[in-house]
Structure formats: C-alpha cells, structure tokens
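Asker: let me see the structure of the following:
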Amino acid sequence: MGEGKQGVLVVGHQNPVTHLQTKYKEFETLFKTWLAKQSLPVEAAVVTATSALQGAAIGGFMGTLTNDVSSAFTPPTPPGASLNPQARASLQQAQALSGGPLIQARNFAVMTGVNAGISCVMRRLRGKEDVQTSMVAAFGSGVMFSLVSGMGGPNQAANVISSGVFFALMQGGLYKVGEKFSQPRVEDVLYDKTRGMLSNLGLGQYEKNFKKGLLTDNTLPLLNDSALQDVKIPPGPRLLILDHIQREKEVKKGGRRT
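Answerer: Below is the predicted model of the structure:
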C-alpha cells in the first residue's frame, strides 16, 4: 500500500499543462529555426497559411457569438421593397461584421493571413520591423478584408482604400502605444545593476528600499552600512550587500581575498 501511494504521489507531481507548454516551446523554436533558413517565397507562404488558420479559428469562435446579431438588429425588408444604395451598403457592412462562423472564419483568415504575409516579406526585404512595416501590412489586410467581406457602397474602390487606410492608422497607433509601453522606464534603467545584485543575493525584496533612498547603480561603490541602515535594510542583508560590493571592488583591482 505504501509503495502504491508513493507511486501515485510521484505521478501527481507531473503537471501535464507544464509538460505540454515545454513541448510546444521546443516545437516552436525548431519551427522558427527551420523557417528562417527557407527562401522568401516559402517563408511568406508558410507564415501566411499558419496565420490564416489561426485567424480562421478565432473568427469561427467569434462567429458563433454573433451569428444572429445582424438579423436581430436589422429590420426585415417588406416584400417587393428595394433598398437605396446607402441602406444596402449599411446592411452589407452589418452582415460582414456579424456573420456566422464560416463568414467570420473567412474574414479573420484573410485579415491575419495577409497581414502576416506582408509583414514577413517587408521584414526580409528591409531587414527590420517598424511602424512602417506594420502599417503597410495592415493596409493590405484592410483592403483584402473589404473585398472578401462584401463591405461596399456606391463607390467600391473608395471603400476599399478607406478600409485599408483605417486599418493602417489603427495598426500604426497600436504599434506606437505598444512601443512606448515596452520601453523600460528610466527608473528601471537606473537600478539595473542593483536589481541584478539583489537578485543574486536572494534579496530582491529590498529593491524598493534602494529606490526609496535613491541608491542608484552609480552609488553602489559608495555604499556603507549607514546608508543601507537609513533605507531600513536589516543588519543581515546589509552585511551580505557590503560583502558583495567589497568583493566586486577587489575583483576589479585584481586582488584576492584571503
């Protein structure tokens, strides 16, 4: 009985979710490595296809949630009545944005596939990914979405262009916002070495004390027990921090501790 319970406990500690995540990351790394070695047409085709499949899955799921939205909010047209061009265009837009699973799967597949394909080509040709690449890709996906979704009006060409411009501006704005928030704050940069030191010593919880006392990376060589005491760091951690700093000084001087 004891052995049986022990075996159950061992199996219980194996997290299948973590195992699957690890395997997925390994597969993703191998796939990206293989893809980077392919020619531009092959890479663009694979990226477009895989992104389109992902978009189709998302669109299909969203389509199940909005299947009857257009019928619920669009009043029925009396028999024999004809819609004017503007009303017909509005009805087409409502149907395009709130169609069933197959319609939304198609729309999202086109948007994500075209966007990813153009981004891939632009990155290979320009050697970088920036806001211009993002906006060009979004413009192409907006144009294709407008064409396949049936969103039109009296002037189809103008509607296609306006959709592309709208997508490009939205994508460009989101790119800039994401770029701004992804940049490290000045405060974090000033405490980069300090954070690393505290992490290595297992004292990461005292980073806030350093920031409160404005003990930046530049002050590390100047630290003494009094300064650390002023920011309310306990004696034990103070000794570890000062010992670490002293060792760093001796390493830079080429000396050895006895």
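Asker: residues in contact with His244?
Answerer: Contacts for His244 were tallied using C-beta atoms under 8 Å, 6 or more residues apart in numbering; they are Met197, Asn200, Leu201. Any C-beta I mention is one placed from the backbone N, CA and C, and that applies to glycine too.
Asker: TSV for the residues you listed, including pLDDT and secondary structure?
Answerer: What follows is these, written out as TSV (pLDDT from 0 to 100; DSSP: H, G, I helix; E, B strand; the rest coil):
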residue	pLDDT	secondary structure
Met197	91	helix
Asn200	86	helix
Leu201	88	helix
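Asker: ok, and the most crowded of those residues?
Answerer: Met197 (21 neighbours; other C-beta atoms under 10 Å).
Asker: do you know the pLDDT at the nearest residue to that residue once chain neighbours are set aside?
Answerer: Spatially, and ignoring its direct neighbours in sequence, Met197 is nearest to His244 (6.1 Å; C-beta to C-beta, 6 or more residues apart in numbering). On pLDDT, His244 comes in at 91.
Asker: do Leu83 as well
Answerer: Looking at Leu83, its pLDDT is 48.
Asker: go on, the one 10 residues further on?
Answerer: At Gln93 the predicted local confidence, pLDDT, stands at 53.
Asker: what is the neighbour count of the residue lying closest to Asp192 once chain neighbours are set aside?
Answerer: In space, and not counting its chain neighbours, Asp192 is closest to Asp217: 6.3 Å by C-beta to C-beta, 6+ apart. By other C-beta under 10 Å, the residues close to Asp217 number 16.
Asker: how far away is Asp217 from Arg238?
Answerer: 18 Å (C-beta to C-beta, to the nearest Å).
Asker: and for Leu174?
Answerer: The span separating Leu174 from Arg238 equals 46 Å under the rule C-beta to C-beta.
Asker: more neighbours: which of the two?
Answerer: A direct count of neighbours by other C-beta under 10 Å for Leu174 and Arg238 places Arg238 higher, at 20 against 13.
Asker: what about that one, is that helix, strand or coil?
Answerer: Local secondary structure at Arg238 is given as helix here, using DSSP: H, G, I helix; E, B strand; the rest coil.
Asker: for it, which non-adjacent residue is spatially closest?
Answerer: Leaving out its chain neighbours, the residue that sits closest to Arg238 by C-beta to C-beta, 6+ apart is Leu228, at 4.4 Å.
Asker: once you drop chain neighbours, what's closest to Val148?
Answerer: Val110 (5.1 Å).
Asker: and the one you found, what is it in contact with?
Answerer: Neighbour list for Val110: Ala52, Gly55, Ser141, Met144, Phe145, Val148, Ser149 [criterion: C-beta under 8 Å, 6+ apart].
Asker: how about Phe31?
Answerer: Here Phe31 is in contact with no residue (C-beta under 8 Å, 6+ apart).
Asker: what about the residue most central in space within the chain, which helix or strand?
Answerer: Nearest to the mean C-alpha position of the chain, by C-alpha atoms, centre = their mean, lies Gly178 at 8.9 Å. Assessed by DSSP states H and E, Gly178 sits inside helix 156-182.
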